[in-house]
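In: Return a 3D structure for these sequence lines:
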Amino acid sequence: MAVNEGKEAALSLVDVAEDEELREALAVLAGSDPNQCSYQQGYVKRQAVFACSTCTSEGMEPTGVCLACANHCHDGHDIFELYTKRNFRCDCGNRKFGSFKCKLSPEKDGQNSKNLYNHNYFGRYCSCDRPYPDDDDQVGEEMIQCILCEDWYHSKHLGCAVVDSEELLEMVCESCMNRAPLLWTYAAYFATSPVTSKEDEDVTVVGDEEEKETLHPYRNGHDVPSTSQGCQKEQPTLNGTRAISHKRTHEEMESTSSACESENSPCKLKELKAKGLVRPRVGAVFWPYCWRSKLCTCTSCKRVYVEAGVQFLLDESDTVLAYENRGKALLREDLLMSCLNSLDRVQQLEIIYQYNDMKAELHAFLREFADQGKEVTPEAIRTFFEELQARKRRRSSTGQYYCS
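Out: From the prediction side, this is the model:
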């Protein structure tokens, strides 16, 4: 019985490893605690957030709850899965819920004044203000999330064509671009090439206007209307939306932060404006992954980011990718422990010893190439693992065992 259970656990690991969408969805959940209410952590930098339409229906104040409360306090309720939100504190059981109390952390303030809300908390998305999934949508169009307002948009409502790229892209909707207009200057140099829809082709750019940074997104339930028809691309969401492919690792992401200038450096924004390059201020903007490191970090610009409510752009750990990578690391650890726990002591030791052997041999293999200045080819990698497998079979046939 124990052996069969072990095989089932191994099969489950394979299934998860081969299903990219499943891994992405699990990474969102793995980054949040499923059993402990996050309220005591304060305004969490990024966490999975849910809205309960059973407890707070249309016409009431919007509320959001953490993963643990969605599991324990709102089990069996109608839940909207909102993917992740930044700087959010769990509302479960506070004044907005009336007599309903949180089972995990019942002592809470009446409301969380710093939480930002939009129509997503009532199950509506995009500038079209439609639900997802939408019964009237025969196409079943995927949606894309704006990294500033964090609303989700249909690609047809972006005001531009969706950029097709193998690299990870971040998207800022037209409405948010207009509320933080300094971003248009950066977009002319660092964003992907603009592709406007036909109705926008005759739009001309007059030049740089005096920029007013007034981005203050949805606070305490008051929506700020969008000026465009939305903007969002594939990100792994719990309500069925597919994520844009993540081609870079968390380490690569962190390495880009070193490109940021010190406060004493010349203002990058002024230098870019002086070059005079402009971009049509129409439609959503897709940015390459490293674009945040291009933003100026002089004292004056930092003040502008704060006034515009986008200071989080300077924090690369704010990205959804950084959050998902943390979740994936936890998920890998949980899956490994789940597999090991299904095995007996001898099997556990065998796996650990074999893993350590493989790691040591792989390190020696790569070191040899590095010392000789040779390139590690795919063929060499295949040969290494074939020889490793052959040695494993020889050890098994001679009855080698490990013991503690």
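
In: how about the helices of the protein, start to end?
Out: For the chain, the helices defined by DSSP state H occupy 2-18, 20-30, 67-72, 174-179, 182-190, 250-256, 268-275, 299-308, 320-341, 345-372, 378-397.

In: list the buried ones in stretch 312-327?
Out: Buried residues in stretch 312-327, counting neighbours by 16 or more other CB atoms under 10 Å, are found at 312-314, 316-327. Heads up, the C-betas are built off the backbone N, CA and C, glycines and all.

In: now for these, which pair is the farthest apart?
Out: Leu314 and Gly327 (22.7 Å; CB to CB).

In: In terms of pLDDT, where does Leu29 sit?
Out: We have a pLDDT of 71 for Leu29.

In: I'd assumed Ala48 was in contact with it.
Out: Yes: between Leu29 and Ala48 there is a contact under CB atoms under 8 Å: 6.0 Å.

In: Between these two, which is the more surrounded one?
Out: Remark: of Leu29 and Ala48, Ala48 carries more neighbours, 27 against 18, as counted by other CB atoms under 10 Å.

In: Check that one and give its pLDDT.
Out: pLDDT at Ala48 comes out at 91.

In: try Glu61
Out: 95.

In: Next, find the distance separating it from Leu269.
Out: For Glu61, the distance to Leu269 (CB to CB, to the nearest Å) stands at 38 Å.

In: which one is Cys301 nearest to, not counting chain neighbours?
Out: Closest residue to Cys301 in three dimensions, ignoring its sequence neighbours and counting by CB to CB, 6 or more residues apart in numbering: Leu269, at 5.7 Å.

In: Quick one: neighbours of that neighbour, just the number.
Out: Leu269 has 18 nearby residues by other CB under 10 Å.

In: repeat for Ser175
Out: Number of residues near Ser175 (other CB under 10 Å) recorded here: 25.

In: any idea how far it is from Leu158?
Out: Taken as CB to CB, the span from Ser175 to Leu158 is 11 Å.

In: hang on, the earlier thing: looking at the buried residues of stretch 312-327, which is nearest Leu277?
Out: Leu313 (20.7 Å).

In: Contact partners for that closest one?
Out: Each residue near Leu313 by CB atoms under 8 Å, 6 or more residues apart in numbering is listed here: 292, 295, 305.

In: What confidence value was assigned to it?
Out: 96.

In: now do the one 5 residues further on
Out: For Asp318, the model assigns a pLDDT of 91.

In: Contacts only, for the nearest residue to it once chain neighbours are set aside.
Out: Leaving aside its sequence neighbours, Asp318 sits nearest to Phe312 (CB to CB, 6+ apart; 4.5 Å). Neighbour list for Phe312: 86-87, 318 [criterion: CB under 8 Å, 6+ apart].

In: JSON lines for those residues, including distance to His77?
Out: Formatted as JSON lines, the contacts of Phe312 follow (distance: CB to CB, whole Å):
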{"residue": "Arg86", "distance to His77": "24"}
{"residue": "Asn87", "distance to His77": "25"}
{"residue": "Asp318", "distance to His77": "30"}
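
In: Next step: the residues you listed restricted to strands.
Out: Cross-referencing these against strands under DSSP state E gives 86-87.

In: Poorly predicted segments of the stretch 51-200 of the chain, please.
Out: 194-200 (pLDDT under 70).

In: try 80
Out: Along the stretch 51-200 of the chain, the model assigns pLDDT under 80 to residues 138-141, 163-168, 193-200.
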